[in-house]
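Novice: The following comprises the amino acid sequence and a computationally predicted model.
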Amino acid sequence: MTRGSTQNAKGGKQAAKHQKSTPARQQARKRTSRAARAEEEQRARLLDDRSRRDIVGVVIAVLAIVLFVIVVMPSDALITHLLSTGLHSALGIGCYILPFVLLVVGAAFLYRFERPNASARIAIGLALVYLAILVLMALSSPGAAENAQMVFNEFTLPERGGYVGAGVAWVGLTLFGQVVSTVVMVGVLIAGLVVVGFSLSGVVERVRGLLVPSDDLDGDDVTALDSPPYARVKLKRDHAPVQHARAKRTPPA
């Protein structure tokens, strides 16, 4: 009896060890340990991720308001005057657009998106759109097609894309010309909108819905729209033989 009991006890211990050493349980333990470590790290931090995002969003929004006031209502203060002059020279008309872009970026950090890194995507996309607008305004400077140096004209520079847009435009005019540079920057603008979340396929579907009546998109007319008129008549005639064949295949009740 004692030998049997000892063997059963050893077998039970081995089975328990085998159950404890299964890969599924080991992975579950690792996950729980990682979750516990993450919770401990968040507790150890002074601010969590949401608080940091809120602070970043508020800071960007405040910066946007300050820049708008500096650009629209410059004062005689030393720093404000220097910032206003520098923004007008560097960005041109874009200095009036920059505060609104920053407000949108700040709102993106404050809003809770379901997708990860959505606020970063919005910031990158708006930066591409903003840069493309500055370069397109600089490319449209008078005489830029004949002479690339005209983008740096002191009289038209503040009314266009500033030194930022003029620098990129000068490179494009020197290497590719005005037409190709314009096409490239339009592509950059569209790419920025796509990064933000703008759907080109959705726009195409909406335009098609406006051009094509909704009654024509029902039933068999969807296939008939892409076919010539004679194909529509043929399509309607082909329905009767098909239905007659199906009726013959069905067994009598």
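Specialist: Here it is on my side, so go on.
Novice: So E146, which state does it fall into?
Specialist: E146 carries the three-state label coil when classified by DSSP: H, G, I helix; E, B strand; the rest coil.
Novice: Can you tell me the number of residues neighbouring it?
Specialist: Other residues near E146 number 10, with proximity taken as other CB atoms under 10 Å. Every residue, glycine included, has its C-beta placed from N, CA and C.
Novice: now swap in S201 and tell me
Specialist: 7.
Novice: Report the separation between it and A24.
Specialist: 43 Å (CB to CB, to the nearest Å).
Novice: do F155 as well
Specialist: As judged by CB to CB, F155 and A24 stand 74 Å apart.
Novice: do the same with G167
Specialist: Taken as CB to CB, the spacing of G167 relative to A24 amounts to 59 Å.
Novice: Give me the more crowded residue out of the two.
Specialist: Each of G167 and A24 has its neighbours counted (other CB under 10 Å); G167 has more, 17 against 7.
Novice: For this protein, give me the ranges with low pLDDT.
Specialist: 1-23, 26, 35-36, 38-47, 213-253 (pLDDT under 70).
Novice: quick check: longest helix of it.
Specialist: Ranked by residue count, the top helix of the chain under DSSP state H comes out as helix 49-72.
Novice: Convert that helix to CSV, retaining C-alpha atoms only.
Specialist: The C-alpha trace of helix 49-72 is given here as CSV (Å, rounded to 0.1, in the frame of the first residue of the first chain):
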residue,chain,number,x,y,z
ASP,A,49,-0.2,59.1,-21.9
ARG,A,50,-3.6,60.9,-22.0
SER,A,51,-2.4,63.7,-19.8
ARG,A,52,0.7,64.2,-22.0
ARG,A,53,-1.4,64.3,-25.2
ASP,A,54,-3.7,66.8,-23.6
ILE,A,55,-0.8,69.0,-22.5
VAL,A,56,0.7,68.9,-26.0
GLY,A,57,-2.6,69.8,-27.6
VAL,A,58,-3.1,72.7,-25.2
VAL,A,59,0.4,74.0,-25.8
ILE,A,60,0.0,73.8,-29.6
ALA,A,61,-3.4,75.6,-29.4
VAL,A,62,-2.0,78.4,-27.3
LEU,A,63,1.0,78.7,-29.6
ALA,A,64,-1.4,79.0,-32.6
ILE,A,65,-3.4,81.8,-30.8
VAL,A,66,-0.1,83.6,-29.9
LEU,A,67,1.2,83.4,-33.5
PHE,A,68,-2.2,84.7,-34.9
VAL,A,69,-2.0,87.7,-32.6
ILE,A,70,1.6,88.4,-33.5
VAL,A,71,0.9,88.2,-37.2
VAL,A,72,-2.3,90.1,-37.3
